[in-house]
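In: Pasting the sequence and the predicted model now:
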Amino acid sequence: MLGFPAAIAAGYVPVKIFLDMPAEFSLGALPAWVLVDLAGYVVAGLVLLLGSLATLFRATAGAVLLGVGALLAIGALLTEPLSVGVPPARFADAMFTHGGFAMADRVGLAALAALVLVLAFLPPTFRYLRYRTSAVPVLSGQGAYSSRGW
């Protein structure tokens with residue numbers, strides 16, 4: 001269930017950047033690394049969303065998708081300072097002093113991605129996703145049919 005908020009947090013970053021972009025500015029004017037970073041956020045959000053939906057239907061692939069999405073989100077977070085050409089320490093300082101909601105979103109995404117990554121690959125998660133209830137109810141006791149009465 002933590003995959004849904006992580007997907008929203010990952011998708012917020014590129015949407016906010018696209019909405020704040022001036023009308024006369026185009027995506028083609030952005031450096032290639034910035035576009036790669038934005039694509040990383042978008043892909044991480046989509047993979048986290050697909051993984052969350054798949055785990056609702058108890059598909060084992062959902063846990064794998066959640067893990068991959070969490071890794072993509074962490075990778076996008078780590079490459080963001082490098083994509084704008086700023087040292088990570090200076091980027092973090094600027095983000096924590098002037099970031100506002102963007103800072104809270106990135107910190108929340110980092111925490112959620114780490115938590116989703118750990119929880120997605122725990123053995124109890126795979127046991128839960130593989131467990132299937134029996135389709136035919138097992139009758140026993142007084143009301144059960146016996147083959148001797150036929």
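Out: Received, thanks.

In: can we go C-alpha only for contacts and neighbour counts from here?
Out: Noted.

In: element containing the spatially most central residue of the chain, please.
Out: Compute the mean C-alpha point of the chain, and by CA atoms, centre = their mean the closest residue is residue 48, 3.1 Å away. In this structure, residue 48 sits in helix 32-56 according to DSSP states H and E.

In: buried set for the next helix-or-strand element following that helix?
Out: Counting by DSSP H and E, the next helix or strand C-terminal to helix 32-56 is helix 60-83. Across helix 60-83, burial judged by 16 or more other CA atoms under 10 Å covers 60, 62-77, 79-81, 83.

In: Could you check the pLDDT of residue 115?
Out: At residue 115 the predicted local confidence, pLDDT, stands at 95.

In: actually residue 14, not the one I wrote
Out: We note a pLDDT of 85 for residue 14 in this prediction.

In: Go through the helix holding residue 48 and flag the buried ones.
Out: So, applying 16+ other CA under 10 Å, buried residues of helix 32-56: 34-35, 37-38, 40-55.

In: Identify the spatial nearest neighbour of residue 75, chain neighbours not counted.
Out: Closest residue to residue 75 apart from its sequence neighbours, by CA to CA, 6 or more residues apart in numbering: residue 40 at 7.7 Å.

In: Surely that neighbour touches residue 74?
Out: No - contact criterion CA atoms under 8 Å: residue 40 and residue 74 do not qualify, at 9.5 Å.

In: Not counting the element among helices and strands of the chain having the smallest mean pLDDT itself, show me its contacts.
Out: For the chain, using mean pLDDT, DSSP states H and E, the weakest element among its helices and strands is helix 123-130, scoring a mean of 79. Contact with helix 123-130 is made by 55, 58, 59, 60, 63, 119, as judged by CA atoms under 8 Å, 6 or more residues apart in numbering.

In: repeat for stretch 104-113
Out: So stretch 104-113 is contacted by 2-3, 5-6, 9-10, 12-13, 70-71, 73-74, 77 (CA under 8 Å, 6+ apart).

In: For that stretch, C-alpha coordinates in CSV please.
Out: The C-alpha atoms that make up stretch 104-113 are tabulated as CSV, following Å, rounded to 0.1, in the frame of the first residue of the first chain:
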residue,chain,number,x,y,z
ALA,A,104,9.3,17.7,1.6
ASP,A,105,8.2,15.7,-1.5
ARG,A,106,11.8,14.5,-2.2
VAL,A,107,12.4,13.6,1.4
GLY,A,108,9.1,11.8,1.5
LEU,A,109,9.9,10.0,-1.8
ALA,A,110,13.3,8.9,-0.4
ALA,A,111,11.8,7.5,2.8
LEU,A,112,8.9,5.8,0.9
ALA,A,113,11.2,4.4,-1.7
